[in-house]
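Chemist: what follows is a predicted structure for the sequence shown.
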Amino acid sequence: MALDRQVCFALYSASRAFTGLYRPVLDELGLTYPQYLVMLALWEHESVTVKELGAALRLDSGTLSPLLKRLEARGLITRQRSFVDERSVAVALTADGAEMRAQARCIPDRMVAATGLQVDELVQLKSTLERLTAALDSAAQQQAEDKREGQR
């Protein structure tokens, strides 16, 4: 039960350290870390639905909507309700949002350098974390199913 032996705490600590390292770099762009993740997704896909974006970032609409509202107010993205399905909202980059990509291009290299790890180590770590996330998602789904079964 020692704190320093808990995998969850090591992940939490690493996440906080990463986010802290990103903060001054992203301040130069006027972005928060969650806003940067939205922009990364849009620089990759240019236009996605809010639902797709939420799934990709693992954020619910209550968390994502204020992020998008602030990015839209800054003129970096647009939100457009679908004419075909009013429940669907497309998010797209504006010209300013697309231009910001050039300013952000150096950020990943700066973060890789800060880790002190080799690229192959980071690739392996990312793969391990993706497997861990999938296993935890599966366990959470099973837990929810077990709870529903117990309520019947």
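Modeler: The structure has been received and is ready for your questions. Numbering: from 1, shown residues only.
Chemist: in the helix or strand harbouring Met111, which residues are buried?
Modeler: Per DSSP states H and E, Met111 falls inside helix 107-115. Buried residues in helix 107-115, counted by 16 or more other Cβ atoms under 10 Å: Ile107. Glycine gets a C-beta too; all of them are placed from N, C-alpha and C.
Chemist: show me how far that helix is from its chain's centre.
Modeler: 17 Å (Cα atoms, centre = their mean, to the nearest Å).
Chemist: give me the angle between the longest helix seen in the chain and helix 107-115.
Modeler: Scanning the chain for the helix with the most residues, using DSSP state H, yields helix 119-151. Relative orientation of helix 119-151 versus helix 107-115 (axes from the mean of the first three to the mean of the last three Cα atoms, to 10 degrees): 100 degrees.
Chemist: residues in contact with the helix holding Met111?
Modeler: Defining contact as Cβ atoms under 8 Å, 6 or more residues apart in numbering, one finds that helix 107-115 is touched by 18, 21-22, 25-26, 36, 119, 122.
Chemist: now, those that are in helices?
Modeler: Members of these lying in helices (criterion: DSSP H): 18, 21-22, 25-26, 36, 119, 122.
Chemist: starting at the chain centroid, how far to the helix or strand harbouring Tyr12?
Modeler: Element membership of Tyr12 [criterion: DSSP H and E] is helix 7-27. Averaged C-alpha coordinates place helix 7-27 at 13 Å from its chain's average position (Cα atoms, centre = their mean).
Chemist: show me which residues of the helix or strand bottoming out on mean pLDDT in the chain are buried.
Modeler: Within the chain, confidence by mean pLDDT, DSSP states H and E is lowest for strand 47-49 among all helices and strands, at a mean of 90. Using 16+ other Cβ under 10 Å as the test for burial, strand 47-49 gives Val48.
Chemist: just the mean pLDDT for stretch 28-39, thanks.
Modeler: Stretch 28-39 carries an average pLDDT of 96.
Chemist: any chance you could list what contacts that stretch?
Modeler: 19, 22-23, 26, 53, 57, 59, 63-64, 67-68, 70-71, 74, 76-77, 91, 97, 100-101, 103-104, 107.
Chemist: from the chain's centre, how far out does that stretch sit?
Modeler: Its chain's C-alpha centre lies 10 Å from the corresponding centre of stretch 28-39 when counted by Cα atoms, centre = their mean.
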